[in-house]
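> below is the sequence, then the predicted model.
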Amino acid sequence: MKRLLISFIIILYAINAYSQKLAISTDAIGYINLLTINGEIDMSLNKNWSVCASGKYNPFTYNKNKEANKQFQNRQACLAVGVKYWPWFIYSGWYYESKIQYKEYNKSYMFSHGSYEGNALGLGINIGYALLLSKHFNMEFGLGIWAGSNNYTKYACPRCGEVLDKGTKTFITPNEVLLSLVYTL
């Protein structure tokens with residue numbers, strides 16, 4: 001996974017030698033999701049197309065030393081690479097995104113007793129709008145869905161280790177609700 005990310009970054013730098021446009025962003029809603037750290041780097045290919053790589057990471061567990069069924073988390077490591085089409089002009093107005101995404105996760109919630117862990121691989125599509133705030137700052141709003149294959153294990157509680165279900169299934173789910181602050185170079 002690390003090699004894939006390093007290879008993609010090298011390709012992005014090579015492309016940047018010709019395009020000289022780069023954007024770095026972070027999604028505010030991701031931080032609301034139990035402090036999920038996230039970021040995206042986006043590089044233009046021409047006036048209508050860009051390539052992007054994004055990541056999300058959440059190592060946090062809450063109520064860890066309390067009663068087992070009160071522990072909750074949305075731990076994850078997620079990588080995505082894709083392309084964006086900008087009908088009007090790069091980094092402004094509407095955009096359409098297609099991407100491939102991989103995610104490893106371990107989650108349990110405050111109001112349920114089960115816990116899930118596994119990994120998922122799939123294709124996502126997003127639609128969004130970039131609002132120009134200044135020469136270097138944008139605000140992006142977006143929505144996306146994700147479909148693919150999920151390899152999972154369901155446990156009775158976050159710490160007990162009792163397996164309730166295990167398997168692989170396909171999924172289609174909302175993937176992102178974006179409210180991103182973007183810095184363009």
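That came through fine.
> where in the chain is pLDDT low?
Applying pLDDT under 70 to the chain picks out residues 1, 4-5, 8-9, 11-20, 65-69, 110-112.
> make it 80
Within the chain, the ranges that satisfy pLDDT under 80 run 1-20, 64-71, 109-114, 157-161.
> can you give me the strands in it?
Along the chain, counting by DSSP state E, strands occupy 22-27, 37-44, 49-58, 61-62, 72-85, 93-108, 115-132, 137-155, 163-184.
> include distance to Arg3 and mean neighbour count when you put those into CSV, please.
Where C-beta positions appear, they are placed from N, C-alpha and C, glycine not excepted. Listed next are the strands of the chain as CSV, based on distance: least, Cβ to Cβ, whole Å; neighbours: other Cβ atoms under 10 Å:
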stretch, distance to Arg3, mean neighbour count
strand 22-27, 22, 19
strand 37-44, 17, 20
strand 49-58, 14, 19
strand 61-62, 29, 16
strand 72-85, 12, 18
strand 93-108, 13, 18
strand 115-132, 17, 17
strand 137-155, 21, 16
strand 163-184, 25, 14
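> could I get the ones you listed as CSV with distance to Ser7?
Below are the strands of the chain laid out as CSV (distance: least, Cβ to Cβ, whole Å):
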stretch, distance to Ser7
strand 22-27, 18
strand 37-44, 14
strand 49-58, 11
strand 61-62, 32
strand 72-85, 10
strand 93-108, 14
strand 115-132, 18
strand 137-155, 21
strand 163-184, 24
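> please identify which of the ones you listed is closest to Lys2.
For Lys2, the closest of the strands of the chain is strand 72-85, at 9.7 Å, according to Cβ to Cβ.
> quick one: strands adjacent to that closest one?
Under the criterion DSSP bridges, strand 72-85 sits next to strand 49-58 (antiparallel), strand 61-62 (antiparallel), strand 93-108 (antiparallel) in its sheet.
> which residues sit against stretch 158-174?
Around stretch 158-174, the neighbours that count as contacts under Cβ atoms under 8 Å, 6 or more residues apart in numbering are 61, 68-69, 71-73, 108, 114-115, 120, 122, 143-156.
> also stretch 114-127?
80, 82, 94-108, 142-158, 164, 171, 175-176, 178.
> and of the strands paired with strand 72-85, who's closest to Gly39?
Here strand 49-58 is closest among these (Cβ to Cβ), at 6.1 Å.
> tell me how far that closest one lies from the chain's centre.
Distance of strand 49-58 from the chain centroid (Cα atoms, centre = their mean, to the nearest Å) equals 7 Å.
> how about that strand as CSV, C-alpha atoms only?
The C-alpha coordinates for strand 49-58 follow below in CSV (Å, rounded to 0.1, in the frame of the first residue of the first chain):
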residue,chain,number,x,y,z
TRP,A,49,-9.0,17.6,-15.8
SER,A,50,-7.1,16.8,-12.6
VAL,A,51,-5.8,13.7,-10.8
CYS,A,52,-6.2,13.4,-7.1
ALA,A,53,-5.0,11.2,-4.2
SER,A,54,-6.7,11.3,-0.8
GLY,A,55,-6.3,9.7,2.6
LYS,A,56,-8.2,9.3,5.9
TYR,A,57,-6.8,8.1,9.2
ASN,A,58,-8.5,7.6,12.5
